[in-house]
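Chemist: quick one, structure for this:
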Amino acid sequence: MAARDSGKGERVWYAADGSPISCLEKIKVLNQNHAELRQLCQDALEDAVLMGCDEAEVRHALHELVDSLSQPFKS
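Modeler: Here you go, the predicted model:
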């Protein structure tokens with residue numbers, strides 16, 4: 001299940017079993033990571049477009065990057 005907005009502008013993160021993550025420290029780390037990644041991707045997109053790249057191609061490359069990430073803790 002994907003993280004989504006709680007309706008209060010906050011993200012709700014879910015465990016693999018579908019239960020919401022309730023630990024405030026975990027939520028804080030998840031939200032910080034999300035914000036940092038968003039800013040990094042935004043910067044990369046802006047740089048690429050300024051250098052003449054097609055926006056759709058850059059977005060596609062970013063999607064491919066995320067899709068290629070491995071999950072090292074599979075049980």
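
Chemist: all contacts plus neighbour counts: C-alpha atoms, from now on.
Modeler: Will do.

Chemist: in three-state terms, label K28 for me.
Modeler: Of the three states, K28 takes helix according to DSSP: H, G, I helix; E, B strand; the rest coil.

Chemist: against E55, how distant is it?
Modeler: 31 Å (Cα to Cα, to the nearest Å).

Chemist: which one of the two is surrounded by more residues?
Modeler: E55 (14 against 11; other Cα atoms under 10 Å).

Chemist: what's near enough to touch the residue nearest to the spatial centre of the chain?
Modeler: Nearest to the mean C-alpha position of the chain, by Cα atoms, centre = their mean, lies H34 at 5.0 Å. Contacts for H34 (Cα atoms under 8 Å, 6 or more residues apart in numbering) come out as none.

Chemist: is it true that it lies in a strand?
Modeler: No. Under the criterion used here (three-state DSSP), H34 is helix, not part of a strand.

Chemist: quick one: the helices in the protein?
Modeler: With helices called from DSSP state H, the chain shows them at 24-50, 55-67.

Chemist: quick one: the first one to helix 55-67, angle?
Modeler: Spelled out, it's helix 24-50. 150 degrees (axes from the mean of the first three to the mean of the last three Cα atoms, to 10 degrees).

Chemist: starting at the chain centroid, how far to helix 24-50?
Modeler: 7 Å (Cα atoms, centre = their mean, to the nearest Å).

Chemist: kindly report the same for stretch 64-74.
Modeler: 12 Å.

Chemist: next one: stretch 49-63
Modeler: With Cα atoms, centre = their mean, you get 17 Å for stretch 49-63.

Chemist: so what would you say the end-to-end distance of it is?
Modeler: 16 Å.

Chemist: buried set for that stretch?
Modeler: V58 (16 or more other Cα atoms under 10 Å).

Chemist: what does that stretch rub up against?
Modeler: With Cα under 8 Å, 6+ apart, stretch 49-63 has contacts from C41, L45, A48.

Chemist: excluding its backbone neighbours, what's nearest the last one?
Modeler: Distance criterion Cα to Cα, 6 or more residues apart in numbering; nearest residue to A48, sequence neighbours excluded, is V58 at 7.1 Å.
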